[in-house]
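J.: Just to be clear, the model below is a prediction. Sequence and coordinates:
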Amino acid sequence: MSSTTEVTPSGATGRGSSPRGKGGDARPEVNAGAGASRRRQGLAAWTLALPFCLLFLVFTAWPVIQSLFMSFTDTRSRDLRTPFAVDIVGLDNFTKAFSDPIFRKSMLNTAYFVVVGVPLTMAMALAAAVALDKGITKLRGLFRLGFYTPVITSIVAVAVVWRFLLEREYGLINTVLGWVGIDGPNWLGDPNWAMPGLILMASWRNFGTGMIIFLAGLQAVPWMLHEAAAIDGAGAWQRFRHITLPLLRPTLLFVSVTTAIGYLQFFEEPFVMTNGGPLNSTISMSMYTYKQFGFGNYGLASAMSYIIFVIVAIVTAIQFRLLRENT
Amino acid sequence: MTRTRSQWWLYAVLTIVLLAVIAPFVWMVLGSFKTQGELLQTPPTWWPQTATLDNYTRLFSRLNFSQYFVNSTIVAVAVTAGNLLFCSMVGYALAMLDFPGRRALFLVVMGTLLIPGVVTFVPLFVLVTNVGLANSLPGLILPFLVSPFGVFLMRQYISGLPRDLLDAGRVDGASELRIFARIFLPLCGPALATLGILTFLGSWNNFLWPLVVAQEESKYTLPVALALYSKGQNSTQYGLLLAGATVVVIPVLAIFLAFQRRFIEGIATTGIK
Amino acid sequence: MRRTSAAAVATLTAAALALSACGRDNGGGAGSSETAKDISSGKATGTLTVWAMGNEGDILPDLMKDFEAANPGVKVNVTAIPWDSAHDKFTTAITAGTTPDAAMVGSTWMGEFAGLDALDPVPPSIDTSAYFEGAQKTNEVNGTNYGVPWYVETRLIFYRTDLAKKAGITTPPTDWDGLKNMAKAMQDKAGAKFGMGFQAGGQGSWQSIMPFAWSDGANLTKDDGKAYNFDSPELLEAVKYYQSYFTDGISDKAAPAQPTTEPDFKSGRVPMFISGPWMMSAVEKVGVKKDQYDVMPVPAKKTSSSFVGGSNFAVFKKSKNRDSAWKLVQWLSDPKVQAKWYGMSTDLPSVKSAWDDPALSGDPKLKKFGTALETAQAPPSFPTWEQVVAGFDTEMEKVTKQGADPAAALKSAQQQAESVGTGQ
């Protein structure tokens, strides 16, 4: 996640611009004391990191390991009191997961959600950020707050409201579509339209976060470059494509990665809106895994959760490949 | 002159979009003043035809509201404070100090970001129960006391601060920990504001964990209580739900309003660029 | 380099040792029936923790005051838990050993919890013949009773009397064809968009379909109650009948997951549906008047039989105050207490003699529910019921929404049921 010399507006020293270079021990005058310095730093560093490490070992590492263990056994809910009195079944749970048509459908659904949802959310966020940053001068705070509001409302309330919005005959969305002569679909009742409905809702809910981050990233694009290009005759769109976007790359990467990680695990939207239906068109991997936990199939559910984990890691790695700067 | 005209046009578009974006939110607030009958009506109404404060009186009287509010506040404040402190400690170490195992620690932090919640949820619950933390506020707080995202955020931000301060502090003979606490930490205002808001929001709206860990009503948080009192076995009390949701969102809104500028500033300088 | 490989070897060895220590002990399985210890005479004492869901959890503390008055020295702490995730809350508590003394338990969960060895068998001094048979059966797992019915509900057909008159129907139909003709007439003559509001498959749709199967005499188990039985000819007839509503356009196959039953009933868009007693106050809340609607039993093919749901009350094995917990359960089954509970909550009593109370016997609609309760049935109390019936619901979704072949769908449901097993 590192970048080298960036152009920062205030000229503050970034990591790469310090004359001492990266790392901290290349100073010639303290080579002799470098060892002691490192030791002292090491002691301080691990003291500072101690709370994190303890909490991590107890509340993250241990559950992760136990989960991994369960995925190779046929653990059911009644076995959790005697966790070792179970049979090892090797990769059985994993093959069972992949041969389950509903799990495969959930993988497709999740892919659909991510491939459409992530670009849509990012586009909305970027558009809003650009409009607020470069387009208008007054009332920025108001618009910023307004666009961020969906992020802070609880999903339970959001679900109730959106169920009414997406209602076939009297829902607000179909009413508005009706004004321009479009006969709106039966959003939540039609297997082909339920997922688009959920994607719409998720984008509405999450674009505020991306917008805030893009707003921050846009402040790093120097106005001088834009002015120079404008003098040279470049139009607004060209300037956006050739100046803003490339400089925004690290921010794009960050938003893309965090949104994708979130969307790959999407659970709340189908859980409260459609319960995975109609006809399993909206069931996600996380939701199906949760259902298996509910049935007591802990071994199988753990295997599924690990499959999700691996997919998240792979997709993140791919995004890094595609979007990282050429350094 | 064309600039101002296109500005007007932009304002108009933005206003329409803004209205569209906050419309569901407004509907939620208006709905909290409606009766169950009116909420189920088709076509749905916008302004309450028979406005009632019933939902709110029920919310505050039947529910042990103050108890849940206090629980939610304690948990959210504790989790936020813990994160602000611990994440900045580790973030600083990763950003500024050179020590053996630094790369490994960083990889661990980043790797944890990728772990889906489903992987750890059940074993975490069993663990929490076995150490006797079930049905206690610490059980609601401890697993969330430090988040990898927070560590990452602080690390990025602190990397953007001048290294010279570090050297200056060392030359002055200050200990490493003192340098962190006295020199760097005070400079982290914006990042801490950002982390604080995001953490508070996450903790305040957290539903699944408190639901499972809190066994007695005295330990419920607001989202759990809300689900409890509005959803029946076969029906949902929408008015009560919307009223509860409105009340739950107010503290977060207030905090966001108060810290908005520092929040943006914080993200701006985390070196994500 | 050496350090890393040594560490790797150490980890692998540890893992191998741990894995080799695993293995199921397959001797002496559960499956035999248990005998219950009896409870002492005298008053209840000590503290009791009780869990209850939703509205019941809200009101129960008021009822408990009476119990505490009758048993000085006992303190009952009621914890209300949300319905949404009550099932998961129970299973996690059972896993962690943090169950309450007694709790209200959903009627379809008994098999699962008993299978987890969490429930205490019912003591012999509690008379199980006092309850409605269908409800009582939900407590029986492997020949032992693990709880008692607390309140019940059953499903009847709701219909608009004024629109029925318009459609030319004066007496409620008594057979399947009659019901369908009535629904069709509602569409043709009384302006309904859909005559009958049946659920198009999906979660919980079995509660609408099974009443018809049971009215045809279907049995959901075979081999003397040891296996699921989804592809029986009676269930096939019921599913075919149910599907015909959708293919003939009498029911809406594209209805959303969250139904709009009440407003549709009021507007007359869908003037008939099948549901339980709580819908009476629900439709009245949106403005339907008491004399505008009525309920009727599920029409018979061989007999009339509906689905009985509701909740049971059970005591957990880990309870430290078992004696008093059962005394509480016994007290809750007293007909007078049951009648009082009805007054407080509108939950229908599970004890037959409580229905003699004027509040219940005086209301004509409620009387119909009471009559239906005598013949209503519940699904088998196997631990895997929830998982298996989810597969059934999905097949029903295909049958109603896509016109899939009912015979093939039931065969598929049966296959899924067999691969999951009964869990006993």
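T.: Okay, I see it.
J.: quick one: A:Ile65 from chain C, how far?
T.: Per C-beta to the nearest C-beta, to the nearest Å, A:Ile65 is found 10 Å from chain C. Just so you know, the C-beta spots here come from the backbone N, C-alpha and C atoms, and that holds for glycine as well.
J.: which SSE is that residue in?
T.: Counting by DSSP states H and E, the element that carries A:Ile65 is helix A:62-71.
J.: distance between that helix and the chain's centre?
T.: For helix A:62-71, the separation from the chain centroid amounts to 24 Å (computed by C-alpha atoms, centre = their mean, to the nearest Å).
J.: Can you give the contact residues for that helix?
T.: With contact meaning C-beta atoms under 8 Å, 6 or more residues apart in numbering or on different chains, helix A:62-71 is reached by A:83, A:93-94, A:298-299, A:302-303, A:305-306, B:115, B:119-124, B:126-127, C:18.
J.: From those, which land in helices?
T.: Among these, DSSP state H puts A:93-94, A:298-299, A:302-303, A:305-306, B:119-124, B:126-127, C:18 in helices.
J.: Can you flag the buried ones in these?
T.: By neighbour count, with 16 or more other C-beta atoms under 10 Å in any protein chain shown, the ones in helices among the contacts of helix A:62-71 hold A:93-94, A:298-299, A:302-303, A:305-306, B:119-124, B:126-127 as buried.
J.: now, the most widely separated pair of these?
T.: Among those, the pair separated by the greatest distance (C-beta to C-beta) is A:Phe94 and B:Leu127, at 24.3 Å.
J.: Next up, the contacts around the nearest residue to C:Leu348 once chain neighbours are set aside.
T.: Distances taken as C-beta to C-beta, 6 or more residues apart in numbering or on different chains put C:Val152 closest to C:Leu348, at 5.3 Å, once the chain neighbours are dropped. With contacts defined as C-beta under 8 Å, 6+ apart, C:Val152 is in contact with C:Phe132, C:Ala135, C:Val308, C:Gly309, C:Gly310, C:Leu348, C:Pro349, C:Ser350, C:Leu373, C:Ala376.
J.: Show me what residue of the stretch 1-150 of chain B gets nearest to chain C.
T.: Distance from chain C to each residue of the stretch 1-150 of chain B (C-beta to the nearest C-beta) is smallest for B:Thr129, at 3.6 Å.
J.: Can you name the helix or strand that the residue nearest to C:Leu348 falls in?
T.: Assessed by DSSP H and E, C:Val152 sits inside strand C:148-154.
J.: so after that strand, what's the next helix or strand?
T.: Reading on from strand C:148-154 to the C-terminus, the next helix or strand found by DSSP H and E is strand C:156-160.
J.: Are that next one and chain B in contact anywhere?
T.: No: counting by C-beta under 8 Å from any C-beta of the partner chain, no contacts exist between strand C:156-160 and chain B, the nearest distance being 13.6 Å.
J.: The strand holding C:Val152 pairs with which strands?
T.: Each strand that strand C:148-154 pairs with, and the sense of that pairing, follows from DSSP bridges: strand C:308-315 (antiparallel), strand C:348-349 (antiparallel).
J.: Report the mean per-residue pLDDT for the first one.
T.: Over the span of strand C:308-315, the pLDDT mean works out to 92.
J.: so how far is that strand off the chain centroid?
T.: Put simply, strand C:308-315 sits 8 Å off its chain's centre (C-alpha atoms, centre = their mean).
J.: Alpha carbons of that strand, as CSV, please.
T.: What follows is strand C:308-315, C-alpha atoms only, in CSV (Å, rounded to 0.1, in the frame of the first residue of the first chain):
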residue,chain,number,x,y,z
VAL,C,308,-51.5,-26.2,15.1
GLY,C,309,-48.8,-23.9,16.2
GLY,C,310,-48.1,-21.8,19.2
SER,C,311,-45.6,-22.2,22.0
ASN,C,312,-44.8,-24.8,24.6
PHE,C,313,-43.2,-24.3,28.0
ALA,C,314,-40.2,-26.4,28.9
VAL,C,315,-37.7,-26.8,31.7
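J.: For that strand, which residues meet the burial criterion?
T.: Per 16+ other C-beta under 10 Å, strand C:308-315 contains these buried residues: C:Val308, C:Gly309, C:Gly310, C:Ser311, C:Asn312, C:Phe313, C:Ala314, C:Val315.
J.: same deal with stretch B:20-29?
T.: Under the neighbour-count criterion of 16+ other C-beta under 10 Å, stretch B:20-29 has B:Val21, B:Ile22, B:Pro24, B:Phe25, B:Trp27, B:Met28 buried.
J.: Which of those fall in strands?
T.: Secondary structure defined by DSSP state E assigns none of the buried residues of stretch B:20-29 to strands.
J.: ok, and which of the residues you listed reach chain A?
T.: Residues shared between the buried residues of stretch B:20-29 and the neighbourhood of chain A are B:Val21, B:Ile22, B:Pro24, B:Phe25, B:Trp27, B:Met28 [C-beta under 8 Å from any C-beta].
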